[in-house]
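S.K.: 3D, please:
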Amino acid sequence: MSMLRPRSQSQSNIHESFSDVALLMLATFVFLLVAIIITSRIHEDVRTPQLQQQVAQMAAEIDQLRQDKERLYGELEGSSGFDSEDQLEEVLKAVGLDSGKGRKDFDVFISGLKEIPGRDVHLVIDATGSMHGASTFLVPLLRVIMLRTGKQLAGLSWYADGATETYSGGMGEVFDRFMVGAPFLGSDETIGRTFAALARQRAPGAYILLGDEPSVDRIYYDEVHSPIFPIAIGRANPDTQFAFGNMADNTGGKLLQLRFE
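M.R.: Modelled structure (predicted):
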C-alpha cells in the first residue's frame, strides 16, 4: 500500500500541471483577444471621423450627379413636349419637312400615325451603316412621331448585324441612350432576330419600325403579337417597300410613307 501513494501523488501532480497549462493558455488567449479588440477600437476611433467625412462627401457628390441627371432628362422631356405649333415647326425644319412636297408627305404620314391602335408604341430602328447619314435627325423625327401618335413610349430597340438592344424609361432618357448605344455600322438588317427577342417581352399596342432596307433574315410572324407600322426612310426602294408592306399586312399594321427629296 505504501508503494501506491507516490504513484497517486505523481498522477495528481501531472493533472495539476496540465490544468495550470490550460489555464495559462486560456488566460493568454483572453489577453490577446482583449488586446486585439482594444487595438481595433483605437484604430476605429482614429479613422471613423475621416471615414465619415469621406462618406458624406461621396454622398453629396452622388446626390449632385443624380440631380444633374434628372435635370438633363427633364430638359429632354420638356423639349419633346411641343407645347405649341411653333416648336413643332422647328422640329420639322430640322428634318427638312417644313415646306414643299416634303411637308405634304409628312402630313400624309401623320394621318397614318393616328390609326395606330393601343395605348403605347415600341419603336424599332435600323442602326446599320446605311442609316448613319440619317442619325443626325432621327431623334427629332422620333419625337414628332411620338407626339403625333398620342401614345406612350413602351420602349425602343435597334438592330444591326444580328445585334439588338432595347431601352425603356422616359422619352428623353430612351432617346439619349439610343444615340449613345446604337452603332450605325454594319450591313445586315436582322429584323427577324430583333422581333424574336421582342417576343419575350410584353407586347405593346403597336410597333413602329424605321429603316431603309428589308430584313436579311426571316421574320416569324406568329411570334409578333402586335401590328407593325413600318416607315421606309430615304428614297423609294421597291424591295424595301415590298418587304415593309408584307410586314404590315402579316401583322395587321399599315405601311407608312415618309420620303426626303
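S.K.: burial of Trp144, as a residue count?
M.R.: Let me fix one detail, which is that residue 144 is Val and not Trp. 22 (other C-beta atoms under 10 Å). For the C-beta atoms, the positions are set from N, CA and C on the backbone; glycine is no exception.
S.K.: Could you check whichever strand or helix holds it and say which residues are buried?
M.R.: Per DSSP states H and E: Val144 is located in helix 135-149. By 16 or more other C-beta atoms under 10 Å, the buried positions in helix 135-149 come out as 137-149.
S.K.: Now do it, average pLDDT.
M.R.: Average pLDDT, helix 135-149: 83.
S.K.: Return the helix or strand in this protein with minimum mean pLDDT.
M.R.: The weakest-scoring helix or strand in the chain, judged by mean pLDDT, DSSP states H and E, is helix 85-94 (a mean of 59).
S.K.: how does this protein divide into domains?
M.R.: 1-79, 85-257 (automatic domain parsing).
S.K.: Where among those is average confidence lowest?
M.R.: Among those, domain 1-79 scores lowest, at a mean of 62.
S.K.: residue boundaries of the helices in the chain?
M.R.: 4-79, 85-94, 100-113, 135-149, 171-181, 191-198, 238-251 (DSSP state H).
S.K.: quick one: the fifth one to helix 135-149, angle?
M.R.: If I follow you right, that is helix 171-181. Angle of helix 171-181 versus helix 135-149, following axes from the mean of the first three to the mean of the last three C-alpha atoms, to 10 degrees, is 150 degrees.
S.K.: From the contact counts, what lies against helix 171-181?
M.R.: Other helices and strands packing on helix 171-181, by 3 or more C-beta pairs under 8 Å, 6 or more residues apart in numbering; DSSP states H and E, are helix 4-79, helix 135-149, strand 152-160, strand 163-167.
S.K.: Now the third one: buried residues?
M.R.: Residues of strand 152-160 classed as buried by neighbour count (16+ other C-beta under 10 Å): 153-160.
S.K.: Which of those sits closest to Val34?
M.R.: Checking these against Val34 by C-beta to C-beta gives Gly155 as the nearest, at 60.2 Å.
S.K.: Report the spatially nearest residue to that closest one, omitting neighbours in sequence.
M.R.: Excluding the flanking residues, the one nearest Gly155 by C-beta to C-beta, 6 or more residues apart in numbering is Ser168, at 4.3 Å.
S.K.: Same check on Gln241?
M.R.: Ala232 (6.0 Å).
S.K.: which residues does the one you found contact?
M.R.: Contact partners of Ala232, counting by C-beta atoms under 8 Å, 6 or more residues apart in numbering, are 211-212, 240-241, 244, 255, 257-258.
S.K.: Pull out the buried positions in stretch 246-254.
M.R.: In terms of neighbour count (16+ other C-beta under 10 Å), stretch 246-254 has its buried residues at 246-248, 251, 253-254.
S.K.: Turn the residues you listed into CSV, columns for distance to Ala127.
M.R.: Converted to CSV, the buried residues of stretch 246-254 look like this (distance: C-beta to C-beta, whole Å):
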residue, distance to Ala127
Asn246, 22
Met247, 18
Ala248, 21
Thr251, 21
Gly253, 21
Lys254, 23
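S.K.: ok, the residues you listed vs Pro227, which is closest?
M.R.: Gly253 (3.7 Å).
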